[in-house]
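**Student:** can you look at this prediction? I've put the sequence above it.
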There are 2 protein chains.
Amino acid sequence: MCDNIHIHGLKMPESMDEETRSQLCPVVYAVSKLGGKWKLIVVHNLIDGPLRFGELRRAIPDITQRMLTLTLRELEEDGIVNRHVFEVVPPHVEYSLTEVGQGLESVMSSLGDWGRANFAQKRNAVAQTA
Amino acid sequence: MCDNIHIHGLKMPESMDEETRSQLCPVVYAVSKLGGKWKLIVVHNLIDGPLRFGELRRAIPDITQRMLTLTLRELEEDGIVNRHVFEVVPPHVEYSLTEVGQGLESVMSSLGDWGRANFAQKRNAVAQTA
DNA sequence: CGGTATCCTGTACGATACTG
DNA sequence: CAGTATCGTACAGGATACCG
């Protein structure tokens, strides 16, 4: 019912074309687009609106310039993120979610709900329950 | 508003304790628990009910025994998956989602919806639109 | 059947330096 | 400001073999 792919050590891009990927279980397909690295974090940061490259960097302190660039390029290729270059000096580049990217909002909010529910439990377990 | 962690080359487990992780943005926290590797795929496969080790292997053809074991152990530690050992010969071990793990159902279904919506578009783009 | 142990490799990712 | 280029490394992950 549901074949698989390499999420991370991803053998996928090379060994599997878009046609083949499309045969996959939708969940697996989604994970193949969002799996690993910083993708979900970047998408998360763009949910509330466009951000400049530098703003994203500051929002994600531990990401390196290189990784941010690579992640954004991949998200762009996958039609999840838009790159808007303002032809000014100094350079100004804004990243935003495409419609496809916006479609991830419910994923992100479910994820947030889950995270909140679970770490809330833990933090309250010792201190208080109310 | 939202610090960061290493999703994948994850430096996190060593350099960050549960307390610190809890300070994180819920989304980032969630990603830290589910990011990288095969975790989401395994959770996905357990959504419909418990599965034995071997059944999981067959459901996820590309995963190695080692990776499946490691993934299950991590999910177990994180309280997402239950491991039930039946003391029989030959061995019988069943994996199921805990309540916390069940909480991921909406994440998985959102993810599925998103995947379906997007690869459906692509497959229909050439063939048909109706 | 459901693992663990050992060894090895690919590549994700980081650090640093440079540029339009 | 927003990148690219280069180099090095740690670790995710694979392959194989063996075990209770």
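**Tutor:** Nice, I can see it.
**Student:** tell me where chain A has strands.
**Tutor:** Ranges of strands within chain A are A:51-52, A:81-86, A:92-97, based on DSSP state E.
**Student:** any residue of stretch A:98-114 touching chain B?
**Tutor:** Yes: using C-beta under 8 Å from any C-beta of the partner chain, we find that stretch A:98-114 touches chain B at A:100, A:103, A:104, A:106, A:107, A:108, A:110, A:111, A:112, A:113, A:114. Placement of C-beta: from N, CA and C, glycine included.
**Student:** for the second one, which non-adjacent residue is spatially closest?
**Tutor:** By that I understand residue A:103. In this structure, residue A:103 finds its nearest non-sequential neighbour in residue B:114, 5.2 Å apart by C-beta to C-beta, 6 or more residues apart in numbering or on different chains.
**Student:** surely that neighbour meets residue A:105?
**Tutor:** No: Residue B:114 is beyond contact range of residue A:105, at 9.5 Å (criterion: C-beta atoms under 8 Å).
**Student:** neighbour count for the two, which is higher?
**Tutor:** The neighbour comparison of residue B:114 against residue A:105 (other C-beta atoms under 10 Å in any protein chain shown) goes to residue B:114, with 23 against 15.
**Student:** residue contacts, that one?
**Tutor:** Under the criterion of C-beta atoms under 8 Å, 6 or more residues apart in numbering or on different chains, the neighbours of residue B:114 are A:26, A:30, A:103, A:104, A:106, A:107.
**Student:** OK, contacts around the fourth one?
**Tutor:** Spelled out, that is residue A:104. Taking C-beta under 8 Å, 6+ apart, one finds A:34, A:43, A:47, A:80, A:97, B:114 in contact with residue A:104.
**Student:** which residues does the fifth one form a beta bridge with?
**Tutor:** Each beta-bridge partner of residue A:97 is listed here: residue A:81, as defined by DSSP bridges.
**Student:** number of nearby residues for it?
**Tutor:** 21.
**Student:** gap between it and DNA strand D?
**Tutor:** According to C-beta to the nearest atom of the strand, to the nearest Å, residue A:97 and DNA strand D sit 15 Å apart.
**Student:** likewise residue A:59?
**Tutor:** Residue A:59 is 12 Å from DNA strand D, where distance means C-beta to the nearest atom of the strand.
**Student:** isn't residue A:86 right up against residue A:93?
**Tutor:** Yes: taking contacts as C-beta under 8 Å, residue A:86 lies within contact range of residue A:93: 7.1 Å.
**Student:** check what pLDDT residue A:7 gets.
**Tutor:** Listed pLDDT for residue A:7 reads 38.
**Student:** same check, this time on residue A:84
**Tutor:** Residue A:84 carries a pLDDT value of 97.
**Student:** tell me the confidence at the nearest residue to it once chain neighbours are set aside?
**Tutor:** Closest residue to residue A:84 apart from its sequence neighbours, by C-beta to C-beta, 6+ apart: residue A:94 at 4.6 Å. pLDDT recorded at residue A:94 is 98.
**Student:** could you pull up the residues touching residue A:94?
**Tutor:** Contacts of residue A:94 by C-beta under 8 Å, 6+ apart are A:50, A:51, A:52, A:83, A:84, A:86.
**Student:** OK, contacts around residue A:60?
**Tutor:** Listed by C-beta under 8 Å, 6+ apart, the contact set of residue A:60 reads A:38, A:41, A:42, A:45, A:68, B:4.
**Student:** mind pulling up the pLDDT for it?
**Tutor:** Predicted confidence (pLDDT) for residue A:60: 91.
**Student:** next one: residue A:33
**Tutor:** Per-residue confidence (pLDDT) for residue A:33: 89.
**Student:** which residue is the nearest non-sequential neighbour of it?
**Tutor:** residue A:78 (5.3 Å).
**Student:** returning to what we had before: from the contacts of residue A:94, list just the buried residues.
**Tutor:** residue A:51 (16 or more other C-beta atoms under 10 Å in any protein chain shown).
**Student:** now the two most distant members of the contacts of residue A:94.
**Tutor:** Spanning the widest gap among these are A:51 and A:86, at 13.5 Å by C-beta to C-beta.
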